[in-house]
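**Student:** any chance you can model this:
(one chain, ligands or ions: 1)
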Amino acid sequence: MDLKDHWNNVYSTKAETEVSWFQNYPKTSIEFLDLFTLPLSANIIDIGGGDSHFVDVLIDRGYENIWVLDISAKAIERAKERLGERANKVNWIACDITEFKPELKFDFWHDRAAFHFLTTEEQIYKYVNISEDAIKS
Ligand SMILES: C[S@@+](CC[C@H](N)C(=O)[O-])C[C@H]1O[C@@H](n2cnc3c(N)ncnc32)[C@H](O)[C@@H]1O
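**Tutor:** The predicted structure follows:
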């Protein structure tokens, strides 16, 4: 089973509360976000966002330029279902982070528990290069 199939299988067979990483409210991530004074127009991306509720908080706070990237289209589908109409405020990208070709620069790059699934040197090298190019200095 390749990576994409693996994660689609996870999101097809387990409810959100059945996965070990579930958080009803992503407290640590939001505390980290709060260390910065980002304008509502900031470009914010959640890498390997899955169906995390981080995006819900971003929408609630009024951020206008939000991206969620995940290798699993099923995860994205679930997040969209949860958000309903509000999902339209988000740019969704179903792709492997190591193949991501960003068309703009981000002010805030969030990754909770996705990077550590990259286990080969090649994957890690690609991730670091992509993020270095895509994050505003
Ligand atoms: C442990 S979950 C964490 C999900 C979410 N960040 C959270 O905090 O609830 C890891 C996530 O990374 C995604 N993922 C794993 N490898 C990936 C890759 N190479 N590219 C993009 N997403 C990936 C999975 O589909 C999954 O949603």
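
**Student:** do a quick rundown of the strands in this protein.
**Tutor:** 43-47, 65-70, 90-94, 108-111 (DSSP state E).

**Student:** packing partners for the first one?
**Tutor:** Spelled out, that is strand 43-47. helix 54-61, strand 65-70, strand 108-111 (3 or more C-beta pairs under 8 Å, 6 or more residues apart in numbering; DSSP states H and E). Heads up, the C-betas are built off the backbone N, CA and C, glycines and all.

**Student:** quick one: distance of the longest one to the chain centre.
**Tutor:** I take that to be helix 54-61. Helix 54-61 has its C-alpha centroid displaced from the chain centroid by 12 Å (C-alpha atoms, centre = their mean, to the nearest Å).

**Student:** and Glu99, which of the helices and strands packed on strand 43-47 is closest to it?
**Tutor:** Closest to Glu99 of the helices and strands packed on strand 43-47, according to C-beta to C-beta: strand 65-70, at 10.4 Å.

**Student:** follow-up on the earlier one: just name the most buried of the helices and strands packed on strand 43-47.
**Tutor:** strand 65-70 (a mean of 22; mean count of other C-beta atoms under 10 Å).

**Student:** ok, residues contacting that strand?
**Tutor:** Residues from elsewhere that reach strand 65-70 (C-beta atoms under 8 Å, 6 or more residues apart in numbering): 7, 41-50, 55, 58-59, 76, 79, 89-95, 97, 100, 106, 114.

**Student:** which residue packs closest to Phe22, ignoring adjacent ones?
**Tutor:** Glu16 (5.4 Å; C-beta to C-beta, 6 or more residues apart in numbering).

**Student:** got a list of what the one you found touches?
**Tutor:** Phe22, Asp51, Arg78.

**Student:** can we see that at 10 Å?
**Tutor:** Each residue near Glu16 by C-beta atoms under 10 Å, 6 or more residues apart in numbering is listed here: Phe22, Gln23, Asn24, Gly50, Asp51, Ser52, His53, Ala75, Arg78, Ala79, Arg82.

**Student:** and what of Val19?
**Tutor:** By C-beta under 10 Å, 6+ apart, the contact set of Val19 is Val10, Tyr11, Gly50, Asp51.
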